[in-house]
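> Return atomic coordinates for the entry below.
(2 chains)
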Amino acid sequence: AQKVTQAQTEISVVEKEDVTLDCVYETRDTTYYLFWYKQPPSGELVFLIRRNSFDEQNEISGRYSWNFQKSTSSFNFTITASQVVDSAVYFCALGLNAGNNRKLIWGLGTSLAVNP
Amino acid sequence: DGGITQSPKYLFRKEGQNVTLSCEQNLNHDAMYWYRQDPGQGLRLIYYSQIVNDFQKGDIAEGYSVSREKKESFPLTVTSAQKNPTAFYLCASSIGRQLFYGYTFGSGTRLTVV
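Prediction:
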């Protein structure tokens, strides 16, 4: 089965709190990509990060960090010191690129509300 | 600035009518995609095109049609055969066919049947 699970449907935090958005994926492919996108209220999905299956190094970009663990098939996203502008729906996606099977499998998204 | 332009932002359709959603990109991307987004269902792929004059069905193509006569344009027609067309429609593009490149999205069209 090929699947992405974002178990948290909605999260609400107070500004300056840290928050982690969970993403668990399923695939038997050995080569794949993982993505996070942000969808603010305006509707446009904004690319945040791409990680390939051979690179388990964690990444930090400002207040954002990502923890990729193949052992648990997880690609979690942490926002440190959250801000109201972080309020959005966040999607995790699994990209499969084997032969003709090129497709993005999307999670259902996590709606994050950061309250002042 | 380069990007994807979707129009209109809001669209209302009477039952039985066909409507066409516009998607234009000036990123010189080869591949373009149409997604449908419903509350609680995430994104579902309707059609995609990897080169001009070629397109493929996605997971929920029934009731939709597309064309790709120009690299920059990938319009989506929602036909009267689509029984539940009220949704948010997103167009995306990518540099090439490989998923490595990731997608650039437009700001969407919200279609409502009245």
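
> can you tell if the helix or strand bottoming out on mean pLDDT in chain A touches chain B?
For chain A, counting by mean pLDDT, DSSP states H and E, strand A:101-106 ranks last in confidence among helices and strands (a mean of 80). Yes: counting by Cβ under 8 Å from any Cβ of the partner chain, chain B has neighbours in strand A:101-106: A:102, A:103, A:104, A:106. Just so you know, the C-beta spots here come from the backbone N, C-alpha and C atoms, and that holds for glycine as well.

> avg pLDDT for the helix or strand that that strand is followed by?
Counting by DSSP states H and E, the element after strand A:101-106 in chain order, helix or strand, is strand A:110-115. The average pLDDT for strand A:110-115 rounds to 97.

> Which pLDDT value does the model give residue 15?
Picked chain A for this. 97.

> that's the wrong chain, I meant chain B
87.

> where does it fall, helix, sheet strand or coil?
Classification of residue B:15 by DSSP: H, G, I helix; E, B strand; the rest coil places it in coil.

> list the contacts for the closest residue to it other than its chain neighbours?
Distance criterion Cβ to Cβ, 6 or more residues apart in numbering or on different chains; nearest residue to residue B:15, sequence neighbours excluded, is residue B:113 at 6.0 Å. By Cβ atoms under 8 Å, 6 or more residues apart in numbering or on different chains, residue B:113 lies in contact with B:12, B:13, B:14, B:15, B:85, B:86.

> give me phi/psi at residue A:70?
The phi/psi pair for residue A:70 (degrees, to the nearest 10) reads phi -70, psi -30.

> And residue A:85, by the same measure?
phi -70, psi -10.

> Same check on residue B:101?
Per degrees, to the nearest 10, the backbone of residue B:101 is at phi -80, psi -20.

> From residue B:95, how far out is it?
4 Å (Cβ to Cβ, to the nearest Å).

> what's the least confident helix or strand of chain A in contact with?
The contact list for strand A:101-106, computed with Cβ under 8 Å, 6+ apart, reads A:2-4, A:25, A:35, A:91-96, B:42-43, B:45, B:97-99, B:103.

> pLDDT weak spots in chain A?
Scanning chain A for pLDDT under 70 picks out the ranges A:98-101.

> on that earlier part again, looking at the residues of strand A:101-106 next to chain B, which is nearest chain B?
For chain B, the nearest member of the residues of strand A:101-106 next to chain B is residue A:106. The distance, counting by Cβ to the nearest Cβ, is 4.6 Å.

> Identify the bridge partners of that closest one.
The residues listed as beta-bridge partners of residue A:106 by DSSP bridges are residue A:93.

> tell me, how many neighbours does it end up with?
For residue A:106, the count of nearby residues is 22 (other Cβ atoms under 10 Å in any protein chain shown).

> Over to residue A:48?
Neighbours around residue A:48, by other Cβ under 10 Å: 17.

> so it makes contact with residue A:37?
Yes: between residue A:48 and residue A:37 a contact is recorded at 6.1 Å, counting by Cβ atoms under 8 Å.

> any common contacting residues for these two?
Going by Cβ under 8 Å, 6+ apart, residues that sit against residue A:48 and also against residue A:37 are residue A:90.

> list the contacts for residue B:62?
Residue B:62 touches B:81, B:82, counting by Cβ under 8 Å, 6+ apart.
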